[in-house]
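Participant: I would like the atomic coordinates for the input below:
(one chain, ligands or ions: 1)
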Amino acid sequence: MYLKSVEQPHHLGYAILAILAIYLVAYIVYQRCLHPLAQYPGPFWASVTDVWQVFEFLSLKQPYRLTDLHEHYGPVVRYGPDKISITHESAVQAIYQKSSKALPKTEFYDAFGGAHPNVFGTRDESHHSLRRRHMSHAFSMANIKQMEQYIDENLSILMQKISEEATAERTFDLKKFLHYYVIDVLGDLAFSKSFDLQITNDTSRVPPVKEHTLLASATGAWPALLQSLKWLLPRLPIPAVQGLVNGRRDCAELASRSVQRRLQELQTSQDQKEVSLPQRKDLLTSLILAKHPDTGKHLSQTDLETEAFGFIIAGTHTTSASTTLLFYNLLHNPESMKQCISELDANLPPLGVDEAAYPVTDIESSLPYLRNCVKENFRITPVFTMPLARRITAPEGLTIEGHHFEKGTSIAVCNHAFHHAPAVWGTDHNTFDPSRWERPETADRSRLLMHFGLGGRQCIGKTMATTNIYKVMSSLLSQFEFKLAEEAEALRAQQGGFKGVLPPLISVGVSDLETPLMVTAKLGLKK
Ligand code: HEM
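Facilitator: You can find the predicted model right below:
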């Protein structure tokens, strides 16, 4: 009797195990042999579980490993059970430049926002187009030019800091200087208030954007468990996880404080009956003043806070990483650096005593080589490298280059993988060569560059980012001569030793130079 009661649970246990094993085998056979994407190559684990992609993000090498997979398997790779990454040239137009309604963003983006998604994270296309309309003037070139003086003020602090390093003949980390500068500019342009990082050097003021981005990318890669993870992770007593969760919370609190302060300032001005207000139309103020075209209603404070959060996340790490990588690429390709400086010397006068930077209009019209360097930098080392996944919703599916993908498939171009597709950019795709854009056949391809995304969901901040990058590059290169601090590295660069070698990169969903960028600067080039 006793023996029987012990055996019964055993039998039950075996039966459950057997059912699970059969289910698992059937699931794997389905994913590998019968699933509509079964014919597409990719790693085994990617075809059976999204967890594979979670670990790819956590490895901090996701975009580069995906690029390697494309090199190995070709232009179509299955990187998740329902996920396709594609590097065919025609995919860019087919996925991103068609109606966004037919190919909306996937659940991956839910991880980037909360209950009230912002313009970046929303999957609702009509919500998106209304919000985007609210914002478009604030991000226009006309408005950015009106705010140029605030970029100049921050640039002047940056120049002063570099001058001090130059005078003291000290080696310094240019990556850190640029990062602090970009964060301060974002504060000024978005909220009319610099974060004062350049002045205070207070690292606690750096918004923990990387933590949030990594958390969002890794959890967004596993949509089936996303909501559970959002609940569970803040409760897990694991320091690394807590670091990421706290990073997100700190960014959200910073956004919230920035909105409250600006609302308070505007209210105080109104109370004091300053009729001409607001005098500074930063990005947030434009949103505060925006009205719904039909109802005339303003955005709620929660909406303002989620958009402010988006500005901090989308506008800081991206711009500073792009500028750092441009410096890296020029310092490791001294011929290009030389050409940039000669162009500056020939086409722009020295900056006046009271001038911190060249106006963006002058740069655009007179520095074509610098423009090509910026473009080549975006091609070879794009930073917004997470796959920009879209869901196929048309009942007939989507066909690209003879490959038919059914309704429901998640399809993406990862810009790092695409910008390194030899079939599109040639076998020298790893070589930093700004002059490639002087060749008509390549110049024509600039419409394919994906560093800011493309189509209706492309980056709204691209004018702000490129204006900032042009101004930083032209002003710094006109005032200082930068050299790599490490002599052996500088010598290798002089000998062409970095031709065709990509910088050491790291990605939290957004890429960056993996190491510091240690340099020396010499003053007074153009004076
Ligand atoms: C070099 C710097 C930047 C890069 C490389 C970059 C890249 C991108 C990319 C690739 C997207 C499209 C994402 C997608 O399709 O899912 C995007 C969207 C976006 N970016 Fe940027 N970005 C940069 C700077 C900025 C700045 C300075 C801001 C604002 C302060 C900004 C705000 C946004 C917003 C709000 C979106 C969502 C747009 C929409 O869905 O309509 N970005 N960015």
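
Participant: contacts, neighbours, all on C-alpha from now
Facilitator: Noted.

Participant: Can you tell me the SS state at residue 151?
Facilitator: At residue 151 the chain is in helix, as set by DSSP: H, G, I helix; E, B strand; the rest coil.

Participant: which residues touch the residue of the stretch 1-150 of the chain found nearest the ligand?
Facilitator: In the stretch 1-150 of the chain, the residue that lies nearest the ligand is residue 120 (3.6 Å; CA to the nearest ligand atom). By CA atoms under 8 Å, 6 or more residues apart in numbering, the contact set of residue 120 is 109, 310, 457.

Participant: how close does the first one sit to residue 388?
Facilitator: Put plainly, it is residue 109. Separation of residue 109 from residue 388 (CA to CA, to the nearest Å): 9 Å.

Participant: For residue 492, give its distance to residue 175.
Facilitator: Residue 492 sits 21 Å away from residue 175, taking CA to CA as the criterion.

Participant: and the longest helix for the protein?
Facilitator: helix 239-271 (DSSP state H).

Participant: tell me what that one is packed against?
Facilitator: Packing contacts for helix 239-271, counted by 3 or more CA pairs under 8 Å, 6 or more residues apart in numbering; DSSP states H and E, involve helix 174-191, helix 209-220, helix 283-289, helix 301-315.

Participant: Next, format the ones you listed as a markdown table and append distance to the ligand and mean pLDDT.
Facilitator: Shown next, in a markdown table, are the helices and strands packed on helix 239-271 (distance: least, CA to the nearest ligand atom, whole Å; pLDDT from 0 to 100):
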| stretch | distance to the ligand | mean pLDDT |
| --- | --- | --- |
| helix 174-191 | 7 | 98 |
| helix 209-220 | 12 | 97 |
| helix 283-289 | 8 | 93 |
| helix 301-315 | 3 | 96 |
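
Participant: Adding distance to residue 408 and mean neighbour count, write those helices out as CSV.
Facilitator: Shown next, in CSV, are the helices and strands packed on helix 239-271 (distance: least, CA to CA, whole Å; neighbours: other CA atoms under 10 Å):
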stretch, distance to residue 408, mean neighbour count
helix 174-191, 37, 23
helix 209-220, 17, 24
helix 283-289, 35, 21
helix 301-315, 28, 21
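
Participant: is it true that residue 79 lies in a strand?
Facilitator: Yes. Under the criterion used here (three-state DSSP), residue 79 sits inside a strand.

Participant: contacting residues for the residue nearest to it when sequence neighbours are not counted?
Facilitator: Excluding the flanking residues, the one nearest residue 79 by CA to CA, 6 or more residues apart in numbering is residue 46, at 5.2 Å. The contact partners of residue 46, taken as CA under 8 Å, 6+ apart, are 52-53, 78-81.

Participant: so what's the backbone phi/psi at residue 350?
Facilitator: phi -60, psi 150 (degrees, to the nearest 10).

Participant: In this model residue 476 seems to touch it, though I could be wrong.
Facilitator: No. Contact criterion CA atoms under 8 Å: residue 350 and residue 476 do not qualify, at 11.6 Å.

Participant: tell me the SS of the spatially most central residue of the chain?
Facilitator: A centroid search over the chain (CA atoms, centre = their mean) returns residue 384, at 3.0 Å, as the residue closest to the centre. In three-state terms, and counting by three-state DSSP, residue 384 is coil.

Participant: Contact partners for the closest residue to it other than its chain neighbours?
Facilitator: Of all residues not flanking residue 384 in the chain, residue 510 sits nearest, at 4.7 Å (CA to CA, 6+ apart). Residues in contact with residue 510, defined by CA under 8 Å, 6+ apart, are 210, 213, 317-318, 383-386.

Participant: Who's the closest spatial neighbour of residue 222, skipping the chain neighbours?
Facilitator: residue 50 (5.3 Å).

Participant: And that neighbour, how far from residue 221?
Facilitator: 6 Å.

Participant: residues in this structure within reach of the ligand, list them.
Facilitator: Applying CA under 6 Å from any ligand atom, one finds that the chain approaches the ligand through 119-120, 132, 310-311, 314-315, 318-319, 322, 383-384, 388, 451-453, 457-462, 464-465.

Participant: try 5 Å this time
Facilitator: 120, 311, 314-315, 318-319, 384, 388, 452-453, 457-459, 461, 465 (CA under 5 Å from any ligand atom).

Participant: ok, so of those residues, who is nearest residue 518?
Facilitator: Nearest to residue 518 among the residues of the chain next to the ligand, counting by CA to CA, is residue 319 at 18.8 Å.

Participant: I figured that closest one hits residue 465, correct?
Facilitator: Yes. If you go by CA under 8 Å, residue 319 and residue 465 touch, sitting 6.0 Å apart.

Participant: Between these two, point out the one with more neighbours.
Facilitator: Ranked by neighbour count (other CA atoms under 10 Å), residue 319 and residue 465 place residue 319 first, with 25 against 21.

Participant: Give me the three-state assignment for residue 164.
Facilitator: Residue 164 ends up helix, using three-state DSSP.

Participant: And it, how far from the ligand?
Facilitator: 27 Å (CA to the nearest ligand atom, to the nearest Å).

Participant: quick one, what contacts that residue?
Facilitator: Contacts of residue 164 (CA under 8 Å, 6+ apart): none.

Participant: now it: how far from residue 172?
Facilitator: In terms of CA to CA, residue 164 sits 11 Å off from residue 172.

Participant: ok, now residue 379?
Facilitator: 27 Å.

Participant: Which one's more surrounded, these two?
Facilitator: More neighbours surround residue 379 than the other of residue 379 and residue 172, with 25 against 19 (other CA under 10 Å).

Participant: For the more buried one, which non-adjacent residue is closest in space?
Facilitator: With CA to CA, 6+ apart, the residue lying closest to residue 379 is residue 419, at 5.7 Å.

Participant: Could you count how many residues lie near that neighbour?
Facilitator: The number of residues near residue 419, taken as other CA under 10 Å, comes to 24.

Participant: Tell me the spacing between it and residue 472.
Facilitator: Counting by CA to CA, the gap from residue 419 to residue 472 is 25 Å.

Participant: Next: residue 403.
Facilitator: 44 Å.

Participant: More neighbours: which of the two?
Facilitator: residue 472 (24 against 10).

Participant: The more buried one: which element?
Facilitator: helix 462-479 (DSSP states H and E).

Participant: list the helices and strands that helix packs on?
Facilitator: helix 141-146, helix 148-167, helix 317-331, helix 334-347, helix 360-366, helix 368-380.

Participant: burial count for the residue nearest to residue 460 when sequence neighbours are not counted?
Facilitator: Leaving aside its chain neighbours, residue 460 sits nearest to residue 139 (6.6 Å; criterion: CA to CA, 6+ apart). Residues lying near residue 139 (other CA under 10 Å) number 19.

Participant: Could you double-check that residue 515 lies in contact with residue 504?
Facilitator: Yes. Using CA under 8 Å, residue 515 is in contact with residue 504, at 7.1 Å.
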